[in-house]
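Visitor: the following comprises the amino acid sequence and a computationally predicted model.
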Amino acid sequence: MVKLTGKNRIKTAVFISGAGSNLKNLIKFSKYNKSPIQIKCVISDNKYAKGLNYAKKFKIEKKIFKFDKENKNEKKILDFLKKNQVFLICLAGFMKILSKNFIKKFNGKILNIHPSLLPKYKGLNTHQRVIDNNEKFSGCTVHFVNSKLDSGKIILQKKVKVFKNDNSKLLAKRVLKKEHILYPEAIIKVFSNL
Ligand code: GAR
């Protein structure tokens with residue numbers, strides 16, 4: 001097994017849109033000895049994303065880009081990632097859809113965390129839909145990103161029980177707790193041959 005040092009850790013960009021609790025968790029994880037990743041930069045489509053404060057706090061380079069439908073900024077984003085020698089992208093509460101061209105450029109090197117047991121409940125508003133359908137279990141999934149929404153190969157999942165008197169806020173909170181365990185485990189699984 002290769003000994004992981006700052007130099008040979010996988011240079012990673014984390015994409016966020018909001019609160020950034022998964023970002024914070026991945027930053028913490030990146031500092032452990034067994035972590036294969038080093039977080040080089042944080043990208044957000046939302047300049048008000050609270051998660052950007054974690055980039056500031058941990059002195060990680062951050063950048064805000066508009067992700068419009070015409071993909072006008074795509075070259076700029078790719079250049080920024082290249083400048084930072086980014087090999088892996090972790091989507092962590094990133095609410096924009098990446099273009100086919102972008103995904104092709106990072107083929108097999110983009111991971112996403114989704115708050116449901118995929119392939120069930122792709123897309124938005126997952127927790128309310130789970131509750132409305134009287135599901136007994138929900139959970140979270142880390143998967144590779146391909147050109148179809150929330151449909152790439154599944155890496156790992158964790159189950160969460162749905163209670164009779166649950167609401168979407170309570171369920172989201174319990175799922176998020178599991179996400180924080182799942183994402184590092186999934187990254188370790190992907191790079192376990194290092
Ligand atoms: C997380 O629950 C994540 O799974 C979800 O947004 C939340 C972000 O929380 N992602 C998606 O719904 C992607 N489609 P965070 O900003 O605190 O990490």
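Guide: Yep, that arrived.
Visitor: how many residues are close by Gly108?
Guide: 13 (other Cβ atoms under 10 Å). C-beta coordinates here come from the backbone N, C-alpha and C atoms, glycine included.
Visitor: interface residues of this structure facing the ligand?
Guide: 16, 18-22, 51, 92-93, 113-115, 176, 179 (Cβ under 6 Å from any ligand atom).
Visitor: can you list contacts of the helix or strand that contains Asn112?
Guide: If you go by DSSP states H and E, Asn112 is part of strand 110-114. Around strand 110-114, the neighbours that count as contacts under Cβ atoms under 8 Å, 6 or more residues apart in numbering are 22, 88-94, 98, 103, 122, 126, 140-145, 150, 152, 155, 179, 182-183, 186-187, 190.
Visitor: nearest to the ligand: which residue in the protein?
Guide: Nearest residue of the chain to the ligand (Cβ to the nearest ligand atom) works out as Gly93 at 2.6 Å.
Visitor: just to revisit the earlier point, any idea how far the strand holding Asn112 is from the chain center?
Guide: Centre-to-centre, strand 110-114 and its host chain are 4 Å apart (Cα atoms, centre = their mean, to the nearest Å).
Visitor: now stretch 105-118
Guide: 7 Å.
Visitor: list the buried residues in it.
Guide: 105-106, 109-118 (16 or more other Cβ atoms under 10 Å).
Visitor: coming back round to it: surely the residue of the chain closest to the ligand meets Lys24?
Guide: No - look at Gly93 against Lys24 with Cβ atoms under 8 Å: they stay out of range, at 10.8 Å.
Visitor: joint contacts of the two?
Guide: Gly51.
Visitor: can you pull out the helices in the protein?
Guide: 21-30, 52-57, 74-83, 100-105, 126-132, 168-190 (DSSP state H).
Visitor: show me what the third one is packed against.
Guide: Applying 3 or more Cβ pairs under 8 Å, 6 or more residues apart in numbering; DSSP states H and E, one finds that helix 74-83 contacts strand 37-44, helix 100-105.
Visitor: switch the cut-off to 10 Å
Guide: Here helix 74-83 touches strand 10-16, strand 37-44, strand 61-64, helix 100-105, going by 3 or more Cβ pairs under 10 Å, 6 or more residues apart in numbering; DSSP states H and E.
Visitor: likewise for the second one?
Guide: Packing contacts for helix 52-57, counted by 3+ Cβ pairs under 10 Å, 6+ apart, involve strand 10-16, helix 21-30, strand 37-44, strand 61-64.
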